[in-house]
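> I need the structure of the sequence given here:
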Amino acid sequence: MAENCLFCRIVKGEIPCHKIYEDEEILAFLDIHPIRPGHALVIPKDHHVWFEEIPEPLGARVFAVSQAVGRSLKEITGVERVGMVFTGIHVPHAHAHLVPMLHQHDVSSEIYLREGPEAFHLPPQPPAEELAGIAEKLRAKLIG
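The predicted model follows:
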């Protein structure tokens, strides 16, 4: 784990999150600046800056958990599609974004594409109660 990494600190319990899944290798929690309600992050607990650095067996676990979370997101949000994007840009710890998609640009901002990176801004942070409610529904679906 990296000492100053936000996600490593979340894994260690130093920073709270709206956890939806956890095992020995993986942690999934809600994004606090969601593109859409239910926008979740799936991370390996081990610190890897880039997704291509994740060992293949661990990457397969991240993908399997992402599929399970994605299926649950579809059920609780009623969307037809959940987008998955791996990044490590804003937080230098590889992570998968799972976004319930209502619009084709939900994972690639039309504004960003048209106006460039200077136009980017974080989506608003919903109230903690809203995040907690979504996290509870996802945990219930994943535990089954």
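
> neighbours around residue 8, how many?
19 (other C-beta atoms under 10 Å). Bear in mind the C-beta positions are built from the backbone N, C-alpha and C, glycine included.

> Please report the distance of it from residue 142.
23 Å (C-beta to C-beta, to the nearest Å).

> Could you do residue 35 as well?
21 Å.

> how about stretch 94-103: buried residues?
For stretch 94-103, a neighbour-count test (16 or more other C-beta atoms under 10 Å) marks 94-101 as buried.

> Compare residue 35 and residue 142 (neighbour count), which wins?
Each of residue 35 and residue 142 has its neighbours counted (other C-beta under 10 Å); residue 35 has more, 21 against 15.

> Reformat the buried residues of stretch 94-103 as a markdown table; add secondary structure, distance to residue 70 and pLDDT.
Output for the buried residues of stretch 94-103, formatted as a markdown table (DSSP: H, G, I helix; E, B strand; the rest coil; distance: C-beta to C-beta, whole Å; pLDDT from 0 to 100):
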| residue | secondary structure | distance to residue 70 | pLDDT |
| --- | --- | --- | --- |
| 94 | coil | 18 | 94 |
| 95 | strand | 15 | 95 |
| 96 | strand | 10 | 95 |
| 97 | strand | 11 | 94 |
| 98 | strand | 5 | 95 |
| 99 | strand | 10 | 92 |
| 100 | strand | 9 | 92 |
| 101 | strand | 11 | 88 |
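
> For those residues, could you give me a markdown table that also reports distance to residue 4?
Converted to a markdown table, the buried residues of stretch 94-103 look like this (distance: C-beta to C-beta, whole Å):
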| residue | distance to residue 4 |
| --- | --- |
| 94 | 16 |
| 95 | 16 |
| 96 | 22 |
| 97 | 22 |
| 98 | 26 |
| 99 | 27 |
| 100 | 31 |
| 101 | 33 |
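
> could you pull out the strands for this protein?
19-22, 26-30, 40-44, 81-87, 95-101 (DSSP state E).

> winner for burial among these?
For the strands of the chain, the largest average neighbour count (mean count of other C-beta atoms under 10 Å) is found in strand 40-44, namely a mean of 26.
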